[in-house]
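Colleague: Build me a model:
(2 chains)
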Number of protein chains: 2
Amino acid sequence: MAAKLIKGAEVAAQIREELKKEVEELKAKHNVTPGLVTILVGENPASVSYVTAKQKTSHELGFYSIQDSQPADITEAALLALIDKYNKDPKIHGILIQLPVPKHIDSNKVLLAIDPNKDVDAFHPVNVGRILIGNYVFLPCTPAGCQELINRSYGDPKGKEVVVVGRSNIVGKPMVAIMIQKLQGANATVTCVHTGTPKDKLIEHCRRADILVVAAGVPEYVQGDWIKEGCCVIDVGVNRVGISEKTGKAILKGDVHFESCAAKASYITPVPGGVGPMTITMLMKNTVMAAKAAAGLIKI
Amino acid sequence: MAAKLIKGAEVAAQIREELKKEVEELKAKHNVTPGLVTILVGENPASVSYVTAKQKTSHELGFYSIQDSQPADITEAALLALIDKYNKDPKIHGILIQLPVPKHIDSNKVLLAIDPNKDVDAFHPVNVGRILIGNYVFLPCTPAGCQELINRSYGDPKGKEVVVVGRSNIVGKPMVAIMIQKLQGANATVTCVHTGTPKDKLIEHCRRADILVVAAGVPEYVQGDWIKEGCCVIDVGVNRVGISEKTGKAILKGDVHFESCAAKASYITPVPGGVGPMTITMLMKNTVMAAKAAAGLIKI
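Modeller: Here you go, the predicted structure:
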């Protein structure tokens, strides 16, 4: 293997160290403590484990942090009232609703109810718009994590050819919006390929990428002969392809054929252990940014 | 010249005919009359002529239409109060503030004060976000005009290579957001090149474009040898490069070197007379869409 592994957990730990210092400074100099509430509806085991991890990290960073667990049969109106309460709470800077919510609740309505300035997932149209305009406080966690991984391994993407495979609202589209900005850590030439792109053209685009971000949702889709020597490969995919007989655990594959791509890339993210470990840390960063914005320390 | 000219005025007239019928139907079937207010602050001659043209067209289409002229010394607070009045007026579906406003008024604050559902210029972050998400009622007028010109001349951009030159918030970025969507009249592979793109790479991208949208702000920037045989060229640029001795009027050039590009393109927009005549018509379309959305006839 020629490529250097981009170890998401290590980069995430490094960013958390930076955030920890920033939180200490915010408390000492400005009397500001970043506040995060994670709202969990019901007891979906995966969701429980996600919010537990988010709470653990936010406590480690010195946040004011609340886990608000609600029963699965909470009414939509009651959930909206709860969000409104946190919207108005000056100690809370970030509100995270752990998805999915039960089917009797309209998740879109719930997400739109969050004050955009507390929307640390950055899914609200106001925040999506701010990203494309290039005047934002925070970015959605997964593409923001990809950006950090690129900048802290491969280096500045300025003037480089970035190809994004996929156009989901959670990864592909915001990744394009982030990378085309005339901003530090971006300013790249960006191409977005997707299910509407003929396969031969899609491969051609991948082959000329300096930085390839893959969020296609297809296990081991991108092959080694689709990439350029020295390319930086960011694999956002997490696909369960089977169960290991040995461990009884799910076998995870990314959207990139790892072995063949690693042989040619300069940097590559493994799956698991690449983009995945970054997302919670980016959520923490967003909460710190929201707290700073609320205190008038940064302006939007 | 090999290319067919895309005559913006003719396409605009065609769309206005369609809108006229739609307005008649809205009135007859749903008792809905699209309402537009154009707000002019001061007496800048160019602004006066723009709002006059907008008013004329909206009257022709059968809109309920108000021209609200305010003195140049109106306070920001009074202008915001005026916008609030129209936000609450159920007969008004579209609010257009003619820019620029005098310097004592914060134009950004003013634009953010418009109810996003009445923001027919589509500059509000909520509307920008809705475009990138792909769930929108209306699009900013200039890129929407480009999309119409492409679809009604060259044809469906689905699966084609679209290259956008420029990344302004008014043209380049929303053009990218529009064209990558999995929607009718879009669904293209999109590349955005800009001032951060090395010149040799920029030319390479232009050369492989099936559809080239140029909003670079540089007169006659794109040369004939930068484009592919049969390419569709949309020139958004309007540059005053001098005064005609003959007529005493400004000489206008686009961002594309017309003669050399027209020799190779399949379709090309002239400047003036290409994209320009489309913008007012797209504003009218947005007002009709806003009226339909307000009446619950389309959903966002």
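Colleague: Let me see the contact set for A:Cys206.
Modeller: Contacts for A:Cys206 (C-beta atoms under 8 Å, 6 or more residues apart in numbering or on different chains) come out as A:Val163, A:Val165, A:Val193, A:Leu212, A:Val222, A:Trp226, A:Ile227. Glycine gets a C-beta too; all of them are placed from N, C-alpha and C.
Colleague: Widest-spaced pair of those?
Modeller: Across the contacts of A:Cys206, no pair lies farther apart than A:Val193 and A:Ile227, at 13.3 Å, counting by C-beta to C-beta.
Colleague: So which bits of the stretch 1-150 of chain A are right by chain B?
Modeller: Applying C-beta under 8 Å from any C-beta of the partner chain, we find that the stretch 1-150 of chain A lies next to chain B at A:His124, A:Pro125, A:Val126, A:Asn127, A:Val128, A:Gly129, A:Arg130, A:Ile131, A:Leu132, A:Ile133, A:Gly134.
Colleague: Surely A:Val164 is in a strand?
Modeller: Yes - using DSSP: H, G, I helix; E, B strand; the rest coil, the secondary structure at A:Val164 is a strand.
Colleague: Let me see the ranges of the helices in chain A.
Modeller: With helices called from DSSP state H, chain A shows them at A:8-30, A:45-60, A:76-88, A:107-113, A:125-133, A:141-152, A:172-179, A:199-207, A:258-262, A:278-294.
Colleague: Establish whether the last one and chain B are in contact.
Modeller: Read it as helix A:278-294. No - using C-beta under 8 Å from any C-beta, helix A:278-294 never reaches chain B; the gap is at least 14.5 Å.
Colleague: tell me what that helix is packed against?
Modeller: Under the contact criterion of 3 or more C-beta pairs under 8 Å, 6 or more residues apart in numbering or on different chains; DSSP states H and E, helix A:278-294 touches helix A:8-30, strand A:35-41, helix A:45-60, strand A:94-97, helix A:141-152.
Colleague: Mean neighbour count, these: which tops it?
Modeller: Mean neighbour count (mean count of other C-beta atoms under 10 Å in any protein chain shown) peaks for strand A:94-97 among those, with a mean of 26.
Colleague: residues from the stretch 201-300 of chain A in reach of chain B?
Modeller: Residues of the stretch 201-300 of chain A lying close to chain B (C-beta under 8 Å from any C-beta) are A:Lys201, A:Leu202, A:His205.
Colleague: nearest spatial neighbour of A:Val162, skipping sequence neighbours?
Modeller: Distances taken as C-beta to C-beta, 6 or more residues apart in numbering or on different chains put A:Ala188 closest to A:Val162, at 4.2 Å, once the chain neighbours are dropped.
Colleague: for A:Met175, same thing?
Modeller: Using C-beta to C-beta, 6+ apart, the nearest residue to A:Met175 is A:Pro143, at 4.2 Å.
Colleague: what residues are up against that neighbour?
Modeller: By C-beta under 8 Å, 6+ apart, the contact set of A:Pro143 is A:Val171, A:Pro174, A:Met175, A:Ile178.
Colleague: these two touch, right, the last one and A:Ala186?
Modeller: Yes - contact between A:Ile178 and A:Ala186 holds when scored by C-beta atoms under 8 Å: they sit 5.9 Å apart.
Colleague: quick one, which of those two is more surrounded?
Modeller: Set side by side, A:Ile178 and A:Ala186 show more neighbours around A:Ile178, with 26 against 21, by other C-beta atoms under 10 Å in any protein chain shown.
Colleague: ok, the more buried one - contacts?
Modeller: By C-beta under 8 Å, 6+ apart, A:Ile178 lies in contact with A:Ile131, A:Leu139, A:Pro143, A:Ala144, A:Gln147, A:Ala186.
Colleague: same check, this time on A:Ile180
Modeller: Listed by C-beta under 8 Å, 6+ apart, the contact set of A:Ile180 reads A:Ala186, A:Asn187, A:Ala188, A:Val190, B:Arg167, B:Lys173, B:Val176, B:Cys192, B:His194.
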